[in-house]
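Asks: A structural model of the following input is requested.
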Amino acid sequence: MDFTSLRDKYKNFIYDSYSIEWEDDYCTFTFHFIIEDLVTFNPTIKMKKTNNNIDMNILNNLVFHIGLIELISYYKCCCPKNIIIKAGYLDNDQINWFKKLYYYGLGEFMYVNNINCSMDDLMNITCVNNSNIDMSNNYNGQGNMIAIGGGKDSCVTINLLKGLDNTCFMINPKQPGIDAIKEAGYEDYINIERKIDSKLLDLNKQGYLNGHTPFSSLVAFVSYTSAYLNNKKYIVLSNESSANEPTVIGTKINHQYSKTYEFENDFNSYTTKYFKLNIKYFSLLRCLSEFQIGMLFSQYKNYHKIFKSCNVGSKTIPWTWCTDCPKCLFVYIILRPFLSKEEMIDIFGNDMLDNKDLLNTFIELIGYSETKPFECVGTYSEVRYACSLVINKEDNLPYLLQYYKDNYPLELNRDYIHEFNNENNIPDEFISIVKKELERVCGVIDND
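Replies: Below is the predicted model:
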């Protein structure tokens, strides 16, 4: 099955409705999507509520918007030309906002599936409902809601914010995230349960289109709703400046599009205008590179046996490092300047830099290929810098670093250690926390 034939056969995707069900201190949102002449989908999201002053107009609008993101996973199986919104209201500016998110958020999906079309050609979005919701409110949230994934980035964030008014949350939590939360001193967390409609998985097995979607945009809208339900002021992410670099050179195709500073700004502008709640969404680590995050994380040794971020290994129980994928190799490289080979082997089980089978992946990570891996990895420059640091200080290099030394120039001119990215949305009181920790670890930082 291909993009053109599927669009010809299935022309309309309908976001028909959503429902909200209450059970004690939990609410479940069910979304009703229809691909005409093919299938109906009913995915669900369940989350906790501690705020006893819920305005149902506000909640309905927030849940409606979660559906606008959730639908991407179902739309992509055959990419109908028309998306018809019956569940709520969108004005023209909102429609254009979502068209941008869908288009760039599906950039990797379209690239991998050889789909070439413009933003306007990909879809038409029409809204049947023409009544807006009054969003006036006096909401005044308190404290931080911190997204936890289980990798090094969120471990750095919860370590930096120790002692503040924090609540951690996870979507479909796994053990490394739970262990990291406990290690940081928290006894409880908000568990957000997301269930995919199994009919989508059945279609994937039959050969309908499949691929990457902007999951972090779903995190954004889900966390915003959860923040409202639990009376929080700040939603704290752990996306770094490195996420801004495209995955395909010379394009805007980016595996991490919904982790970029551009999306973060778009989301904050949208919520300020259309939700009007005193809730701020930002990434605490936006001022840092992946290299600096690795530098900080190397100091937090109590998390080293806990953290996991291998997507292949996440499908096993327990979650493991597969040590054979781009994500594993990247994390290994970015930590290697700060930890000995023996410490790295203790974490990962082997020296990945001595694995000849990872050569092509290594070349992609250092930027001497058409694309970098479609994974959440750092920039070419900082990976080269990390490799160059190790090559410059050690003898008896492992295979991949010896290959680098023999074929490419070392890159040590840029001082990644002391940089500070001022393009961020971090409130001043949080900026001071990050700067203080950087100065503790590496001395004076460069604010330029």
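Asks: just how off-centre is stretch 196-212 within its chain?
Replies: Offset of stretch 196-212 from its chain centre (Cα atoms, centre = their mean, to the nearest Å): 21 Å.
Asks: quick one: buried residues of that stretch?
Replies: Across stretch 196-212, burial judged by 16 or more other Cβ atoms under 10 Å covers 197, 199-200, 203, 208-212. (Glycine included, C-beta is placed from N, CA and C.)
Asks: contacts for it?
Replies: By Cβ atoms under 8 Å, 6 or more residues apart in numbering, the surrounding residues in contact with stretch 196-212 are 1, 3, 6, 39-43, 73-74, 76-79, 106, 108-109, 112-113, 255, 374.
Asks: buried among those? Make that a PyMOL selection.
Replies: Applied in PyMOL, the following selects the buried portion of the contacts of stretch 196-212 according to 16+ other Cβ under 10 Å:
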select buried, resi 3+6+39+41+43+73+74+76+77+78+79+106+108+109+255+374
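Asks: so which of the contacts of stretch 196-212 sit within helices?
Replies: Those of the contacts of stretch 196-212 mapping onto helices are 3, 6, 73-74, 108-109, 112, per DSSP state H.
Asks: pop the domain breakdown of this structure in here.
Replies: Using automatic domain parsing, the domain parsing of the chain gives 3-283, 308-414.
Asks: residue boundaries of the strands in the stretch 201-350 of the chain?
Replies: 234-237, 280-283 (DSSP state E, counting those that start in this stretch).
Asks: tell me which of those strands is the most buried.
Replies: The highest mean neighbour count among those, using mean count of other Cβ atoms under 10 Å, belongs to strand 234-237: a mean of 24.
Asks: off-centre distance for it?
Replies: 13 Å.
Asks: do stretch 56-72 as well
Replies: Counting by Cα atoms, centre = their mean, stretch 56-72 is centred 19 Å from the centre of its parent chain.
Asks: number of residues surrounding Gly177?
Replies: Gly177 is flanked by 26 other residues according to other Cβ atoms under 10 Å.
Asks: which residues touch it?
Replies: Applying Cβ under 8 Å, 6+ apart to Gly177 gives the contacts 148-150, 154, 170.
Asks: which of those ranks first by neighbour count?
Replies: Within the contacts of Gly177, neighbour counts (other Cβ under 10 Å) peak at Ser154, which reaches 28 neighbours.
Asks: please tell me how far that residue sits from Ser17.
Replies: As for Ser154, its distance to Ser17 is 34 Å (criterion: Cβ to Cβ, to the nearest Å).
Asks: Ile417 too?
Replies: The spacing between Ile417 and Ser17, counted by Cβ to Cβ, is 53 Å.
Asks: more neighbours: which of these two?
Replies: Counted by other Cβ under 10 Å, Ile417 and Ser17 do not tie: Ile417 has more neighbours, with 18 against 15.
Asks: pretty sure that one contacts Ala386?
Replies: No. Using Cβ atoms under 8 Å, Ile417 is not in contact with Ala386, being 10.9 Å away.
Asks: what touches both of these two?
Replies: Residues touching both Ile417 and Ala386 (Cβ under 8 Å, 6+ apart): Phe291.
Asks: so who does the most centrally placed residue in the chain touch?
Replies: Taking Cα atoms, centre = their mean, the centroid of the chain lies closest to Ser216, which sits 3.7 Å from it. The contact partners of Ser216, by Cβ under 8 Å, 6+ apart, come to 237, 239, 256, 258-259, 263.
Asks: so the closest residue to Lys308 other than its chain neighbours versus Ser258, what's the distance?
Replies: Spatial nearest neighbour of Lys308, chain neighbours left out: Pro176 (4.1 Å); criterion: Cβ to Cβ, 6 or more residues apart in numbering. As judged by Cβ to Cβ, Pro176 and Ser258 stand 22 Å apart.
Asks: same check, this time on Ser369
Replies: Distance from Ser369 to Ser258, counting by Cβ to Cβ: 24 Å.
Asks: now do Pro337
Replies: Here the distance between Pro337 and Ser258 works out to 29 Å (Cβ to Cβ).
Asks: longest single strand anywhere in this structure?
Replies: As assigned by DSSP state E, the longest strand anywhere in the chain is strand 12-23.
Asks: okay, the residue nearest to the centre of the chain and Ile171: tell me how far apart.
Replies: To Ile171, Ser216 is 11 Å away according to Cβ to Cβ.
Asks: could you do Glu437 as well?
Replies: From Glu437 to Ile171 the distance is 27 Å (Cβ to Cβ).
Asks: which one of the two has more residues nearby?
Replies: Ile171 (21 against 16).
Asks: residue contacts, that one?
Replies: 192-194, 219, 222.
Asks: just the buried members of these?
Replies: 192, 194, 219, 222.
Asks: partner strands of the longest strand of the chain and their direction?
Replies: strand 26-35 (antiparallel), strand 82-85 (parallel) (DSSP bridges).
Asks: distance to Asp188 and mean neighbour count added to the ones you listed, as CSV?
Replies: Formatted as CSV, the strands paired with strand 12-23 follow (distance: least, Cβ to Cβ, whole Å; neighbours: other Cβ atoms under 10 Å):
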stretch, distance to Asp188, mean neighbour count
strand 26-35, 14, 19
strand 82-85, 37, 20
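Asks: quick one, which of these gets closest to Met352.
Replies: Of all those, it is strand 26-35 that lies closest to Met352, at 40.6 Å by Cβ to Cβ.
Asks: looks like Tyr104 contacts Lys252 (just checking).
Replies: Yes. Using Cβ under 8 Å, Tyr104 is in contact with Lys252, at 6.0 Å.
Asks: those two: which is more packed in?
Replies: Neighbours were counted for Tyr104 and for Lys252 using other Cβ under 10 Å; Tyr104 has more, 21 against 13.
Asks: how about residues contacting the helix or strand hosting the more buried one?
Replies: Under the criterion of DSSP states H and E, Tyr104 resides in helix 92-105. With contacts defined as Cβ under 8 Å, 6+ apart, helix 92-105 is touched by 68-69, 72, 75, 90, 119-120, 122-123, 125, 127, 213-214, 217, 252, 254, 257-258, 263, 266, 270, 274.
Asks: which among these end up buried?
Replies: Of the contacts of helix 92-105, these count as buried by 16+ other Cβ under 10 Å: 68-69, 72, 75, 90, 122-123, 125, 127, 213-214, 217, 254, 257-258, 263, 266, 270, 274.
Asks: so where's the stretch 251-400 of the chain shaky on pLDDT?
Replies: Within the stretch 251-400 of the chain, the set of residues satisfying pLDDT under 70 is empty.
Asks: measure Glu370 to Ile363 for me?
Replies: From Glu370 to Ile363 the distance is 10 Å (Cβ to Cβ).
Asks: ok, those two, which is more surrounded?
Replies: Ile363 (17 against 8).
Asks: contacting residues around the more buried one?
Replies: Ser369.
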